[in-house]
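[1] Quick one, what's the 3D model for this:
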Amino acid sequence: MTQPAVGSHFAAFLGFRYVPSEGQDAIVEALPSAEHCNERGTIHGGFLAALLDTSTGLAVHSALADGVAAPHFDLTIQYLRPAVPGTLLTCTARTTRVGRRVVASEAEVFQDGKLIARAIGSHAVV
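    The predicted structure follows:
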């Protein structure tokens, strides 16, 4: 069962759906359409960046105490192959390190079992 991405009107606007999972992984799904494409007919990199940003943010949020925020100060993305409209994207993110001032995360986006993009993130604990 999926539900709208937690706490983000932007993620809901893009159609992102949060998938509850065991542990501290965050899984977010999206079904991109032609409206999410670039001029070449593949999914815009900004859509994938938003998916990775949302997923890593959710993973980090689940690893922190209530009321503690940790926005990104860096998100490095590798785009490995084009994503196409009409086929589900699944992004799985996890927290890799929790420090007093910085939290690290990583995530991968898959479509039809193929790795589309991956990211590593750094988040400032505020």
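[2] Could you pull out the strands in this structure for me?
    Shown for the chain, the strands assigned by DSSP state E span residues 3-4, 17-19, 26-30, 72-79, 89-98, 102-111, 114-124.
[3] tell me, how many neighbours does Ala34 end up with?
    By other CB atoms under 10 Å, 9 other residues sit near Ala34. (Each C-beta comes from the backbone N, C-alpha and C, glycine too.)
[4] If you could redo that for Thr56, that was the one I meant.
    Using other CB under 10 Å, the number of residues around Thr56 comes to 29.
[5] which residues sit in contact with it?
    For Thr56, the contacting residues are 26, 72, 75, 93, 105-107, 119, 121, 123, taking CB atoms under 8 Å, 6 or more residues apart in numbering as the criterion.
[6] just curious, which of those is nearest to Leu64?
    For Leu64, the closest of the contacts of Thr56 turns out to be His123, at 9.1 Å, with distances computed as CB to CB.
[7] pLDDT value on the closest one, please?
    Per-residue confidence for His123 comes out at a pLDDT of 98.
[8] Show me what it bridges to in the sheet.
    Beta bridges link His123 to His72, Val103, judged by DSSP bridges.
[9] Of the strands of the chain, flag the one that's most buried.
    Counting by mean count of other CB atoms under 10 Å, strand 26-30 has the highest mean neighbour count of these, with a mean of 24.
[10] and it, how far out from the chain's middle?
    For strand 26-30, the distance between its averaged C-alpha position and the chain's averaged C-alpha position is 7 Å (CA atoms, centre = their mean, to the nearest Å).
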